[in-house]
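A.B. asks: Structure for the following, please:
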Amino acid sequence: GDSRIGTAWHLLHLGFLGGGSAMSNGLLITLLAVFRMVASEFAVYAYLPEWRYDGANYADICKVVTHLIFFSVEVTPDGNLAALDRLPRKGLLQEARAQCSNLLICVGGNGRSAGFSRAVASKRSRSRFIAALVRLCENLGLDGVDYNWEYPGYHFGSGYASEDAVARDYQGLIALLRETSAAFAPSGRRVTLAYYPDGRQIAGALAGKGPSGEVR
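C.D. replies: Here you go, the predicted model:
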């Protein structure tokens, strides 16, 4: 992989794969396999949540998925990593690595993003955050990081903040993406971003002068 910034279109959430009927799961795998055959450059990013690690069939998953993302750890307001008990244990990582070419770790998700706003607000906390991710990827042999901030400028229970606060969050997120990309460049690790394009987020990204990187 490379370290260029891109938006990861996560087409499959593996929390549902294995949770549906055998027929629906089989159809999904068949459709993804067809996509892979007709478009060799087509990338399928998939989340695998921690409660599915043990039951996952990595050989079957990675026949149709190009980038498997372990979901997810969290960032604290001061830029440290938290919820590290959600990382796959060594044996599962080895099993996944034997089958999958690209393994990433997700930071954030629904109900797991409260630390982002303050963590990205200053250069010091961003640097601490990124350094922790570099160490984590090196220690576990991971190929990159997926940021899944749900959502910049938004707080569960109270909704969106002011326009200025939304724009500040996007400015911090953009700085985080650029600085992570620079930190990952020597190793070739990848940075991806899960993005939900509702009207408020589009406005916030534009106000923050959002990145125009390629779509992945």
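
A.B. asks: Where is the longest strand in this structure?
C.D. replies: As assigned by DSSP state E, the longest strand anywhere in the chain is strand 67-75.

A.B. asks: Can you spell out which helices and strands pack onto that one?
C.D. replies: Contact analysis of strand 67-75 by 3 or more C-beta pairs under 8 Å, 6 or more residues apart in numbering; DSSP states H and E lists strand 45-49, helix 58-64, strand 81-82, strand 103-108, strand 144-148, strand 190-193 as its packing neighbours. No exception for glycine: its C-beta is placed from N, CA and C like everyone else's.

A.B. asks: Quick check: buried residues in the longest one?
C.D. replies: This points to helix 58-64. Y58, I61, C62, V64 (16 or more other C-beta atoms under 10 Å).

A.B. asks: what sits against A175?
C.D. replies: Contact criterion C-beta atoms under 8 Å, 6 or more residues apart in numbering gives V120, K123, R126 as the residues in contact with A175.

A.B. asks: Would you convert these into JSON lines that also reports secondary structure and distance to D146?
C.D. replies: Shown next, in JSON lines, are the contacts of A175 (DSSP: H, G, I helix; E, B strand; the rest coil; distance: C-beta to C-beta, whole Å):
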{"residue": "V120", "secondary structure": "coil", "distance to D146": "15"}
{"residue": "K123", "secondary structure": "helix", "distance to D146": "22"}
{"residue": "R126", "secondary structure": "helix", "distance to D146": "17"}
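
A.B. asks: Note down every partner strand of the longest strand of the chain and its orientation.
C.D. replies: In the sheet, strand 67-75 lines up against strand 45-49 (parallel), strand 81-82 (antiparallel), strand 103-108 (parallel) (DSSP bridges).

A.B. asks: between that strand and strand 144-148, how big is the angle?
C.D. replies: Strand 67-75 and strand 144-148 meet at an angle of 60 degrees, taking axes from the mean of the first three to the mean of the last three C-alpha atoms, to 10 degrees as the criterion.

A.B. asks: on that earlier part again, let's have the strands paired with strand 67-75 in JSON lines, adding distance to N139 and mean pLDDT.
C.D. replies: Converted to JSON lines, the strands paired with strand 67-75 look like this (distance: least, C-beta to C-beta, whole Å; pLDDT from 0 to 100):
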{"stretch": "strand 45-49", "distance to N139": "19", "mean pLDDT": "94"}
{"stretch": "strand 81-82", "distance to N139": "11", "mean pLDDT": "98"}
{"stretch": "strand 103-108", "distance to N139": "11", "mean pLDDT": "98"}
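
A.B. asks: thought Y154 was touching Y160?
C.D. replies: Yes - taking C-beta atoms under 8 Å as the definition, Y154 is a contact partner of Y160 at 5.2 Å.

A.B. asks: Neighbour count: the two, which is higher?
C.D. replies: Taking other C-beta atoms under 10 Å, Y154 and Y160 do not tie; Y154 has more neighbours (21 against 16).

A.B. asks: quick one, phi/psi of the more buried one?
C.D. replies: Dihedral pair for Y154: phi -120, psi 140, per degrees, to the nearest 10.

A.B. asks: how near is it to L48?
C.D. replies: To L48, Y154 is 25 Å away according to C-beta to C-beta, to the nearest Å.

A.B. asks: E163: neighbour count?
C.D. replies: There are 13 residues near E163, going by other C-beta under 10 Å.
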